[in-house]
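>>> Mind folding the following:
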Amino acid sequence: MVAFHSSALDGVGRNPVLPTPLLLRLLAFAEDGERPPRDALQRAELPESAVALILAHPNPGARIDFAMSARAEPAQRARLADDPCPKVRTALAYGPEVYDSRRRVAPLPDAVCARLLDDPAPSVRTALLDSPHLPPSFVASMATHHSSAARRRAVRAWEVLAPGERSVLLADSDPEVRRDAALWECRRDARVTAELLRDPESTAEALRRGLLVRADAERCVAERTHLAALAENPSLPADLVERLAVDPDQDVRLAVSLRPELDEARRMAIDVMVGDFDTGERVGWVRDGLADSEALRRAATSAHPLLRRAAAQSPHLPPDLLRLLARVEDPTLENLLGIHQPDAPEEVLMRVFARLGGTFSAWMAETHPRFPREGLAARYADHPDGNYRRLAVRDPAATPELIERLSHDPVVWTRQAAAGDPRLPLDRLREALHVPELASSAGANPALPEAEMAAVLDRAGVPL
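Below is the predicted model:
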C-alpha cells in the first residue's frame, strides 16, 4: 500500500458523509493482515451492520480499536466481553483513552463489568480495576468481592458504602484493604488515626486527613514529621496552624495558606510562592467539593492563585464566577478555563491560543466550541505566522479563492486545514488527494464526491 493512499484512506474513514456501502466495504478490509483505519472503527452512530462487521473482524487490532472507542455505545462495545482474544477484552475493560476532559464516556453496564472482573486473564481484571470509566454503583458493589484488589478499589466509593460494608472492609483479611479503608475512616475516628500513625506507610496520609488528638499533632510538629501533610489536616488546632504558617519550609506555609477556614486577610498574609504551572489539584477541600456552591464561591473569589485555579476546574462553575475568573491575569488559570469550562469566553480562548500555539492547551482552546470564527479571515489570512493563517479557514466568510490559496501555504498545518475545508474548489481537492501531506485531510473533506471516495478505496486495494 502506497503511503499517501493509506493517508487518504484514513481521511475517508473519518469523512462525516461517507456512504454506508463504502463504510461497510472499508470495515470489511482485512487483506494481507491489514485492518480498517482507526477513525472508521471509532465513528459515532455506527449502524448495526457496521458493528457486526467489526465484531467479526479477523484482525484483533480492529476489535481493540472498537473496544476503545469513546463514540461507540456501551452496549455495542460490551458485545466484545466474550471475545476470544484477551487483548481485546483487556482493551474493553479499560475503555477509551480520553485526553479531552470535556468529553464524557458512558460506562459499561454493571453486569458486563462483573464478567470482566472475573475474566480468566489477569490483564483483563487489572485493566478493569484501573479503568477511569467504572460506574460508581459497580465500584461500591466490589466491597464483598473475593479479589482483594477489587475490594481495595471499592474503598474509593467509601462515602456511598453502607455502614456494614465499611465495617467489613475495616476488618478485611488483607492488610492493604484494611489500611485503605482506615485511611477513609480516620477522618471521623481519632483512634483509627492513631493506629495509622504507627504504620510508616500510612503516616503521611493519616496526618493529612485523619481526626487528630492534640498530643499527636504536637508531637509531629516537634519532630517535624510530614509537616506539609499535617498543615492540610482539617482537625489541626488553630495555634498549631499559626505556628506552621511561619514555618521555614515553603511547602508547609503553602499548605497552610490553602486551608479552608482562613479568611482572606490571614490567607494572603502568609509568605508563599506559587508555581507558574501549579494547577491547584492539591486543594482537597475545593477538589472534593466542586459541586458545593459555597466552597466554590470562596475559592473563586479568593486572591490566592491556587484556589482560583482549583475552582476553574469545576464543572459546576456558575456564569458569574466564570466571568470573574476570566478577568484574572493568570495564564495557567486561562489554560484551565479553556480545558474545563464549556462556556469559556472567546477572548480567553484566543489568548491561550496566541500564547501557547502548538501545545496541548492551545489545541484544547482551538477545538473549544466557543473558539471564535467570525472575522478570522480578515484578521489572519495574511498573518506572518502560519499558525494564525490556519485560523482564517475557520471563518464562515472565507471565500473559495482564499481557501485554495491557503491550500498552497508554506506551512503544512495551514495547507492541511484548507485541504479539509468543503469550500476548497473540487479540482484542487482532487489534486490534494494525491499530495502525501494533504491526502488525509482531503479524504476527510465532506465535499469529496462519493466516486472519489470509492476511488481512494480502489487505489488502496480495499476489495469490493
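>>> so which strand or helix has the closest residue to H226 other than its chain neighbours?
Nearest residue to H226, sequence neighbours excluded (Cβ to Cβ, 6 or more residues apart in numbering): A204, at 4.4 Å. Glycine gets a C-beta too; all of them are placed from N, C-alpha and C. Using DSSP states H and E, A204 sits in helix 203-209.
>>> can you pull out the helices in the stretch 201-350 of the chain?
203-209, 214-223, 227-230, 238-244, 250-257, 264-269, 284-287, 293-300, 305-312, 319-326, 331-340, 346-356 (DSSP state H, counting those that start in this stretch).
>>> Kindly reformat the ones you listed as JSON lines containing distance to G33.
As requested, the helices of the stretch 201-350 of the chain are exported to JSON lines (distance: least, Cβ to Cβ, whole Å):
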{"stretch": "helix 203-209", "distance to G33": "49"}
{"stretch": "helix 214-223", "distance to G33": "61"}
{"stretch": "helix 227-230", "distance to G33": "53"}
{"stretch": "helix 238-244", "distance to G33": "62"}
{"stretch": "helix 250-257", "distance to G33": "54"}
{"stretch": "helix 264-269", "distance to G33": "62"}
{"stretch": "helix 284-287", "distance to G33": "46"}
{"stretch": "helix 293-300", "distance to G33": "53"}
{"stretch": "helix 305-312", "distance to G33": "47"}
{"stretch": "helix 319-326", "distance to G33": "51"}
{"stretch": "helix 331-340", "distance to G33": "39"}
{"stretch": "helix 346-356", "distance to G33": "40"}
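>>> Most tightly packed of those helices?
Counting by mean count of other Cβ atoms under 10 Å, helix 305-312 has the highest mean neighbour count of the helices of the stretch 201-350 of the chain, with a mean of 25.
>>> For P200, grab the count of nearby residues.
By the measure other Cβ atoms under 10 Å, the count of residues near P200 is 7.
>>> so it, which of the three states?
coil (DSSP: H, G, I helix; E, B strand; the rest coil).
>>> what does M364 give?
helix.
>>> Report the contact partners of it.
Residues in contact with M364 (Cβ atoms under 8 Å, 6 or more residues apart in numbering) are D100, N335, G338, I339, V352.
>>> between those residues, which is closest to D130?
D130 has its nearest neighbour among the contacts of M364 in D100, at 19.7 Å by Cβ to Cβ.
>>> on that earlier part again, how about TSV for the contacts of M364, with pLDDT added?
Output for those, formatted as TSV (pLDDT from 0 to 100):
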residue	pLDDT
D100	74
N335	93
G338	92
I339	90
V352	92
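>>> is it possible to export those to TSV including distance to L55?
Output for the contacts of M364, formatted as TSV (distance: Cβ to Cβ, whole Å):
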residue	distance to L55
D100	27
N335	40
G338	38
I339	35
V352	41
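>>> where's V51, which helix or strand?
helix 48-55.
>>> Can you name every helix or strand that the helix or strand that comes right after that helix contacts?
Heading C-terminal from helix 48-55, the first helix or strand you meet, by DSSP H and E, is helix 60-67. Judged by 3 or more Cβ pairs under 8 Å, 6 or more residues apart in numbering; DSSP states H and E, helix 60-67 is in contact with helix 38-41, helix 48-55, helix 74-77, helix 86-94.
>>> For R389, find the nearest of those.
Of all the helices and strands packed on helix 60-67, helix 38-41 sits nearest to R389, with 25.9 Å by Cβ to Cβ.
>>> From the contacts of M364, pick the one nearest L196.
So of those, ranked by how close each gets to L196 (Cβ to Cβ), first place is I339, at 35.2 Å.
>>> Quick check: buried residues in stretch 46-53?
L46, A50, V51, L53 (16 or more other Cβ atoms under 10 Å).
>>> Let me know how buried the residue lying closest to the second one once chain neighbours are set aside is, in neighbour terms.
The one in question is A50. Nearest residue to A50 in three dimensions, chain neighbours excluded: L27, at 5.5 Å (Cβ to Cβ, 6+ apart). Using other Cβ under 10 Å, L27 has 26 other residues around it.
>>> Just confirm L27 contacts L55, I think it does.
No: taking contacts as Cβ atoms under 8 Å, L27 lies outside contact range of L55: 10.5 Å.
>>> Least confident of the helices of the stretch 201-350 of the chain, on average?
Mean pLDDT is lowest for helix 284-287 among the helices of the stretch 201-350 of the chain, at a mean of 84.
>>> Identify the residues contacting stretch 135-146?
Stretch 135-146 has contacts (Cβ under 8 Å, 6+ apart) with 107-108, 110, 113-114, 117, 150-151, 153-157, 160-161, 165, 168-169.
>>> Now, of those residues, which are buried?
Neighbour-count burial (16+ other Cβ under 10 Å) applied to the contacts of stretch 135-146 gives 107-108, 113, 117, 150-151, 153-157, 161, 165, 168-169.
>>> In these, find the pair that's most separated.
Maximum distance among the buried ones among the contacts of stretch 135-146 (Cβ to Cβ): 25.9 Å, for L108 and V168.
>>> Now mean pLDDT and distance to E452 too, for the helices and strands packed on helix 60-67, in CSV please.
Formatted as CSV, the helices and strands packed on helix 60-67 follow (pLDDT from 0 to 100; distance: least, Cβ to Cβ, whole Å):
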stretch, mean pLDDT, distance to E452
helix 38-41, 95, 17
helix 48-55, 97, 21
helix 74-77, 96, 30
helix 86-94, 98, 33
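>>> What separation do you get for the residue lying farthest from the centre of the chain and E232?
Here the chain reaches farthest from its C-alpha mean at A215, the gap being 42.3 Å by Cα atoms, centre = their mean. Distance from A215 to E232, counting by Cβ to Cβ, to the nearest Å: 19 Å.
>>> Over to D320?
Plainly put, D320 is 29 Å away from E232 if you go by Cβ to Cβ.
>>> Need the per-residue pLDDT for V2.
Reading off the model, V2 has pLDDT 35.
>>> so where's the chain uncertain?
Where the chain drops to pLDDT under 70, the residues are 1-5, 289-291.
>>> can I assume A121 is in contact with T90?
Yes: under the criterion of Cβ under 8 Å, A121 makes contact with T90 at 7.0 Å.
>>> Among those two, which residue is more densely surrounded?
The residue with more neighbours, out of A121 and T90, is T90; 22 against 15, by other Cβ under 10 Å.
>>> show me the contacts for the more buried one.
Residues in contact with T90 (Cβ under 8 Å, 6+ apart) are A121, S123, V124, A127.
>>> Might one say that the last one is in contact with A93?
Yes: with contact defined as Cβ under 8 Å, A127 and A93 form a contacting pair (4.1 Å).
>>> Distance of the residue farthest from the centre of the chain relative to A194?
According to Cβ to Cβ, A215 and A194 sit 9 Å apart.
>>> same check, this time on P400
75 Å.
>>> Mind checking which of those two has more residues around it?
Between P400 and A194, A194 has the larger neighbour count (other Cβ under 10 Å), namely 17 against 14.
>>> what helix or strand is that one on?
helix 190-197.
>>> Enumerate the positions of that helix that are buried.
V192, T193, A194, E195, L196, L197.
>>> Give me the packing partners of the helix or strand that contains E401, helices and strands only.
Using DSSP H and E, E401 falls within helix 400-406. Here helix 400-406 touches helix 412-419, going by 3+ Cβ pairs under 8 Å, 6+ apart.
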